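A.B. asks: with the input below, show me the fold.
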Amino acid sequence: MPARSVQISIDEDLLRKIDGQPETKEHGRSAFIRSAVRLYLEVQQRRARDRAYAQGYGGRAGEVWDEFSELIAGQAWPER
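C.D. replies: Here you go, the predicted model:
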(Lines give C-alpha, C1' and ligand atoms only; values in the text may rest on other atoms or scores of the structure.)
Protein backbone atom coordinates (compact mmCIF):
# COMPACT_ATOMS: atom_id res chain seq x y z
CA MET A 1 0.00 0.00 0.00
CA PRO A 2 1.45 3.39 -0.88
CA ALA A 3 2.40 5.61 2.04
CA ARG A 4 0.51 8.82 2.67
CA SER A 5 2.17 11.86 4.18
CA VAL A 6 0.65 13.28 7.35
CA GLN A 7 1.72 16.16 9.51
CA ILE A 8 2.08 15.58 13.25
CA SER A 9 3.45 17.65 16.11
CA ILE A 10 5.99 16.17 18.50
CA ASP A 11 7.58 17.98 21.41
CA GLU A 12 11.34 18.57 21.26
CA ASP A 13 12.24 16.14 24.06
CA LEU A 14 10.36 13.26 22.45
CA LEU A 15 11.81 14.12 19.04
CA ARG A 16 15.35 13.99 20.49
CA LYS A 17 14.59 10.55 21.95
CA ILE A 18 13.24 9.33 18.61
CA ASP A 19 16.24 10.72 16.76
CA GLY A 20 18.58 8.98 19.22
CA GLN A 21 17.23 5.52 18.37
CA PRO A 22 19.31 3.24 16.12
CA GLU A 23 16.25 2.39 13.99
CA THR A 24 15.70 6.09 13.31
CA LYS A 25 19.32 6.55 12.30
CA GLU A 26 19.17 3.52 10.00
CA HIS A 27 15.68 3.85 8.48
CA GLY A 28 14.50 7.38 9.28
CA ARG A 29 11.88 8.96 11.49
CA SER A 30 8.91 7.84 9.41
CA ALA A 31 9.90 4.17 9.66
CA PHE A 32 10.46 4.51 13.40
CA ILE A 33 7.09 6.15 13.97
CA ARG A 34 5.28 3.61 11.75
CA SER A 35 6.89 0.81 13.77
CA ALA A 36 5.92 2.43 17.07
CA VAL A 37 2.31 2.93 15.94
CA ARG A 38 2.05 -0.69 14.74
CA LEU A 39 3.37 -1.92 18.08
CA TYR A 40 0.93 0.29 19.97
CA LEU A 41 -2.00 -1.00 17.91
CA GLU A 42 -0.92 -4.63 18.44
CA VAL A 43 -0.75 -4.06 22.20
CA GLN A 44 -4.21 -2.45 22.18
CA GLN A 45 -5.61 -5.41 20.22
CA ARG A 46 -4.01 -7.88 22.66
CA ARG A 47 -5.44 -5.98 25.62
CA ALA A 48 -8.91 -5.98 24.07
CA ARG A 49 -8.65 -9.73 23.46
CA ASP A 50 -7.48 -10.31 27.05
CA ARG A 51 -10.42 -8.26 28.36
CA ALA A 52 -12.81 -10.30 26.23
CA TYR A 53 -11.35 -13.57 27.56
CA ALA A 54 -11.54 -12.31 31.14
CA GLN A 55 -15.13 -11.22 30.62
CA GLY A 56 -16.06 -14.49 28.94
CA TYR A 57 -14.42 -16.74 31.52
CA GLY A 58 -14.51 -14.43 34.52
CA GLY A 59 -15.81 -16.17 37.62
CA ARG A 60 -15.97 -19.47 35.78
CA ALA A 61 -12.49 -20.82 36.53
CA GLY A 62 -13.93 -23.82 38.34
CA GLU A 63 -16.17 -24.72 35.39
CA VAL A 64 -13.31 -24.38 32.94
CA TRP A 65 -11.05 -26.52 35.14
CA ASP A 66 -13.75 -29.19 35.45
CA GLU A 67 -14.13 -29.23 31.69
CA PHE A 68 -10.42 -29.58 30.90
CA SER A 69 -8.85 -31.23 33.96
CA GLU A 70 -9.27 -34.76 32.63
CA LEU A 71 -7.70 -33.78 29.31
CA ILE A 72 -4.79 -32.04 31.05
CA ALA A 73 -4.25 -34.99 33.39
CA GLY A 74 -3.88 -37.30 30.40
CA GLN A 75 -1.09 -35.26 28.85
CA ALA A 76 2.46 -36.59 28.79
CA TRP A 77 4.70 -33.97 30.37
CA PRO A 78 8.46 -34.07 29.78
CA GLU A 79 10.63 -34.83 32.77
CA ARG A 80 13.01 -32.14 33.92
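A.B. asks: now do the buried residues in stretch 27-39.
C.D. replies: The neighbour-count criterion (16 or more other C-beta atoms under 10 Å) identifies Phe32 as the buried residues of stretch 27-39. Placement of C-beta: from N, CA and C, glycine included.
A.B. asks: need the residues that contact that stretch.
C.D. replies: Stretch 27-39 has contacts (C-beta atoms under 8 Å, 6 or more residues apart in numbering) with 3, 8, 18-19, 21, 23-24.
A.B. asks: and those, which of them are buried?
C.D. replies: Buried among these by 16+ other C-beta under 10 Å: Thr24.
A.B. asks: kindly reformat the contacts of stretch 27-39 as CSV containing pLDDT, secondary structure and distance to Ala48.
C.D. replies: CSV is the format used below for the contacts of stretch 27-39 (pLDDT from 0 to 100; DSSP: H, G, I helix; E, B strand; the rest coil; distance: C-beta to C-beta, whole Å):
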residue, pLDDT, secondary structure, distance to Ala48
Ala3, 86, coil, 27
Ile8, 95, coil, 24
Ile18, 97, helix, 27
Asp19, 97, helix, 32
Gln21, 97, coil, 28
Glu23, 95, helix, 27
Thr24, 97, helix, 29
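A.B. asks: show the residue spans covered by the strands in this structure.
C.D. replies: Secondary structure of the chain (DSSP state E): no strands located.
A.B. asks: just to revisit the earlier point, distance to Ala76 added to the contacts of stretch 27-39, as JSON lines?
C.D. replies: Below are those laid out as JSON lines (distance: C-beta to C-beta, whole Å):
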{"residue": "Ala3", "distance to Ala76": "50"}
{"residue": "Ile8", "distance to Ala76": "54"}
{"residue": "Ile18", "distance to Ala76": "49"}
{"residue": "Asp19", "distance to Ala76": "53"}
{"residue": "Gln21", "distance to Ala76": "46"}
{"residue": "Glu23", "distance to Ala76": "43"}
{"residue": "Thr24", "distance to Ala76": "48"}
